[in-house]
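S.K.: no FASTA, just this:
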């Protein structure tokens, strides 16, 4: 099992990846017992 710091670094890396590939949308962090357990990505596609 990894350390708390490794867990936090993994979360930040995943958020960074999501942000780099998203143009419009939102990212939601789901927290349980003080820990992030899930990341949810909702992306909007603009059609011109």
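M.R.: Sure thing, it's come through. Just so it is clear, the model here is predicted, and its values are computed rather than measured.
S.K.: helix/strand/coil for residue 39?
M.R.: Following DSSP: H, G, I helix; E, B strand; the rest coil, residue 39 is assigned to strand.
S.K.: check contacts around it.
M.R.: By Cβ atoms under 8 Å, 6 or more residues apart in numbering, the residues touching residue 39 are 11, 14, 15, 18, 27, 28, 29, 30. For every residue, glycine as well, the C-beta is placed using N, CA and C.
S.K.: beta partners for the fifth one?
M.R.: Here residue 27 sits in beta bridges with residue 41, as judged by DSSP bridges.
S.K.: ok, back up a step: with secondary structure, pLDDT and neighbour count as added columns, please give the contacts of residue 39 in TSV.
M.R.: Formatted as TSV, the contacts of residue 39 follow (DSSP: H, G, I helix; E, B strand; the rest coil; pLDDT from 0 to 100; neighbours: other Cβ atoms under 10 Å):
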residue	secondary structure	pLDDT	neighbour count
11	helix	94	14
14	helix	96	14
15	helix	96	15
18	helix	95	15
27	strand	97	14
28	strand	97	9
29	strand	96	11
30	strand	97	10
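S.K.: including distance to residue 38, could the residues you listed go into JSON lines?
M.R.: Converted to JSON lines, the contacts of residue 39 look like this (distance: Cβ to Cβ, whole Å):
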{"residue": "11", "distance to residue 38": "10"}
{"residue": "14", "distance to residue 38": "11"}
{"residue": "15", "distance to residue 38": "12"}
{"residue": "18", "distance to residue 38": "13"}
{"residue": "27", "distance to residue 38": "11"}
{"residue": "28", "distance to residue 38": "8"}
{"residue": "29", "distance to residue 38": "8"}
{"residue": "30", "distance to residue 38": "4"}
